[in-house]
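**Q** Quick one, fold the following:
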Amino acid sequence: MIPNITKGDRMAGLLVYLAGPGRANEHTDPHLVTGSAPIMAWHNDDQLNRDAALSIAHQLDQAKNVLGVDVKGGHVWHCSLSLRAEEGDLTDQKWAEIANDFMDEMGFTEAGGKAPVSWVALRHGHSKAGNDHIHIAASMVREDGTKWSSHLDFKRAQESARSLEQKYGLEELSPVYAMRGLRPGEREAAERRGAPEPERRSLARKVRACATAAVDEAEFVRRFRRTGAMIKPRFAAGRDDVVVGYSVAERPAKGVRPVWYGGGHLAKDLTLPRLRGAWNDSPQLATEAVAEWGAAARGRRPINIGREAHEPDPQMWERYSNEIAQLRENLRNVPLDDHNTWAQVARETSGAFAAWSTATEATPGPLAAAADELSKTAQLRRYPVRPIKSVGPSARGASMVLMAATMGGTGTAAQAIMLRQLLNVAKAVHDMHKASNDLRRAQQINELVRKQLSQVAAALPSVPGPVQAVDAEAAEAVRTSAAGQTPARAADSVVPPKYEQARTHVTTRGGTTRPDIER
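**A** As a prediction, the model looks like this:
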């Protein structure tokens with residue numbers, strides 16, 4: 001169950017919209033399912049019209065208006081509770097029980113020992129995506145004139161949703177991983193432009209690809225500029241030599257203004273401090289990075305030319321394929337609850353698929369789908385204070401060579417071997433989710449391999465070698481995509497991966513360093 005919270009100051013506008021036809025006539029049967037006792041005494045579950053919506057809004061605003069209480073930022077608290085379309089529909093009675101328990105846990109009712117607020121839960125049919133949901137509209141002014149505190153309400157709503165999923169037998173979403181969803185209207189805007197997907201998705205994939213393929217910050221900036229998209233730095237206040245963030249945009253058509261996205265709005269793991277945790281760092285490298293950021297901001301040519309401009313040595317394909325094979329072996333000893341390590345592995349593997357997609361797919365295809373799917377495991381709800389850096393085998397080298405891949409109708413044997421090893425790592429992530437009882441994520445990865453990446457495998461040369469399926473559920477997916485499990489080593493030869501805390505700094509012109517200050 002997914003809660004989504006917004007706040008405002010126009011209760012009447014909110015209720016009229018919820019009871020109206022919606023943006024695309026998707027509101028088919030607006031009606032109340034539950035709410036405060038005084039309001040439900042006057043209104044039943046009949047279909048709402050504009051007059052009824054205005055009457056309910058007046059009752060919700062009554063405490064604020066009569067007692068003259070002002071709430072900074074607005075007194076209207078609006079939260080939708082949504083199920084995935086695959087979960088089906090609940091009854092009005094079940095939604096009423098869920099809404100009442102949710103409002104109890106959020107502290108809106110007298111169950112918390114304070115005066116209650118006025119609220120209603122409204123249901124008006126499926127969303128455009130086909131999911132069943134309700135909307136809760138509440139005043140943030142209690143009946144005695146005190147204010148309901150919205151402190152950490154997003155976090156509290158997520159925690160309440162997790163407990164209610166268990167209580168009512170709903171699909172349990174992960175309390176560990178959290179991917180940023182698309183904002184309302186982003187898909188529609190992409191359709192109007194004729195784009196194959198929303199810009200935020202394509203930009204996140206390009207950032208992920210370039211960040212994973214780069215060894216330092218300057219190389220990242222140069223690689224990203226080579227994709228054709230735009231990037232600009234965000235400097236510290238009053239400085240032009242300390243970069244604390246960045247924004248990216250797809251290059252628009254002539255006469256159209258670009259839409260910029262900050263790294264943190266692309267994905268939770270794509271903020272500049274998170275990216276810096278995986279790169280080499282020194283005063284000289286930081287100075288070179290500032291120079292490249294300045295050139296990007298002014299639209300000038302890159303200052304230097306690095307690895308991104310040269311074809312990688314063909315022998316690197318074998319080297320980095322072997323590294324990924326070793327990574328897969330090391331993952332056998334990583335505990336299921338070591339979420340930071342699993343997120344790091346998923347981030348690098350997602351970056352490898354993103355690099356391959358950026359180099360070879362003119363429109364989003366199976367490789368892009370693989371990058372997007374694995375990126376969900378890369379995004380944690382909570383991160384360690386300092387980012388971790390892998391010092392053992394990883395998929396970063398694979399990202400570098402895949403950025404230089406080409407696909408003129410057929411691939412190479414080296415690419416086929418690389419795909420098999422990457423699929424083995426994806427299979428390890430699948431196994432982790434399955435063992436952690438996160439069956440939905442495990443099934444999504446399984447479907448990705450079976451339906452999407454099998455197309456890539458079919459276009460590449462066959463790879464000889466034993467195929468060992470780890471479990472029956474994924475055996476067919478592994479066979480279909482020609483992704484074999486590498487032969488297991490002896491137990492005493494498996495070395496767990498080592499990780500160290502990464503310290504990130506920015507170098508000023510004077511050569512001194514200071515900690516990053518971005519979120």
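
**Q** May I have the distance across stretch 227-247, first residue to last?
**A** End-to-end distance for stretch 227-247: 15 Å, by CA to CA, to the nearest Å.

**Q** gap between A121 and F108?
**A** For A121, the distance to F108 equals 11 Å [CB to CB, to the nearest Å]. (Glycine included, C-beta is placed from N, CA and C.)

**Q** swap in A63?
**A** Separation of A63 from F108 (CB to CB) stands at 12 Å.

**Q** shared neighbours of these two, anything?
**A** By CB atoms under 8 Å, 6 or more residues apart in numbering, A63 and F108 have these common neighbours: V117.

**Q** where does the stretch 151-300 of the chain have low pLDDT?
**A** Under the criterion pLDDT under 70, the flagged ranges of the stretch 151-300 of the chain are 172, 174-185.

**Q** again but with the stretch 401-519 of the chain, I slipped
**A** Residue ranges of the stretch 401-519 of the chain with pLDDT under 70: 406-411, 463-519.

**Q** ok, 50 please
**A** 407-409, 466-519 (pLDDT under 50).

**Q** Phi, psi for V456 please.
**A** Dihedral angles of V456 (phi, psi; degrees, to the nearest 10) stand at phi -70, psi -40.

**Q** what helices or strands is the helix or strand encompassing Q344 leaning on?
**A** Element membership of Q344 [criterion: DSSP states H and E] is helix 339-360. If you count contacts as 3 or more CB pairs under 8 Å, 6 or more residues apart in numbering; DSSP states H and E, helix 339-360 packs onto helix 199-213, helix 366-378, strand 388-390, helix 396-402, helix 413-435, strand 499-501.

**Q** for these, which one sits closest to G294?
**A** helix 199-213 (18.2 Å; CB to CB).

**Q** who does that closest one touch, helix- and strand-wise?
**A** In terms of contacts (3+ CB pairs under 8 Å, 6+ apart), helix 199-213 is packed against helix 186-193, helix 217-226, strand 243-249, strand 261-262, helix 263-266, helix 339-360, helix 366-378, helix 396-402.

**Q** I'd like these as a markdown table, with distance to L422 and mean neighbour count appended.
**A** Putting the helices and strands packed on helix 199-213 into a markdown table (distance: least, CB to CB, whole Å; neighbours: other CB atoms under 10 Å) gives the following:
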| stretch | distance to L422 | mean neighbour count |
| --- | --- | --- |
| helix 186-193 | 28 | 14 |
| helix 217-226 | 20 | 24 |
| strand 243-249 | 25 | 21 |
| strand 261-262 | 27 | 18 |
| helix 263-266 | 22 | 21 |
| helix 339-360 | 6 | 26 |
| helix 366-378 | 8 | 24 |
| helix 396-402 | 7 | 26 |
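
**Q** List of residues touching stretch 147-157?
**A** Taking CB under 8 Å, 6+ apart as the rule, stretch 147-157 contacts 3, 5, 7, 69, 71, 77, 79, 102, 105-108, 117, 138, 140-142.

**Q** list the contacts for the closest residue to L270 other than its chain neighbours?
**A** Excluding the flanking residues, the one nearest L270 by CB to CB, 6 or more residues apart in numbering is G263, at 4.6 Å. Applying CB under 8 Å, 6+ apart, we find G263 in contact with V207, G245, Y246, S247, V248, L270, T271, L272, R274, L275.

**Q** go again using 6 Å as the cut-off
**A** Each residue near G263 by CB atoms under 6 Å, 6 or more residues apart in numbering is listed here: Y246, L270, T271, L272.

**Q** R441 now?
**A** The contact partners of R441, by CB under 6 Å, 6+ apart, come to H433.

**Q** Let me know the angle separating the helix or strand hosting it from helix 339-360.
**A** Assignment of secondary structure by DSSP H and E places R441 within helix 439-447. Taking axes from the mean of the first three to the mean of the last three CA atoms, to 10 degrees, one finds that helix 439-447 is oriented at 30 degrees with respect to helix 339-360.

**Q** Which pLDDT value belongs to N65?
**A** pLDDT, N65: 91.

**Q** ok, it to S139 distance?
**A** For N65, the distance to S139 equals 10 Å [CB to CB].

**Q** Who has more neighbours out of the two?
**A** S139 (27 against 12; other CB atoms under 10 Å).

**Q** so that one bridges to which residues?
**A** Beta bridges link S139 to V76 when assigned by DSSP bridges.

**Q** wait, it sits on S118?
**A** Yes. In this structure, S139 is within contact of S118 by CB atoms under 6 Å, at 5.1 Å.
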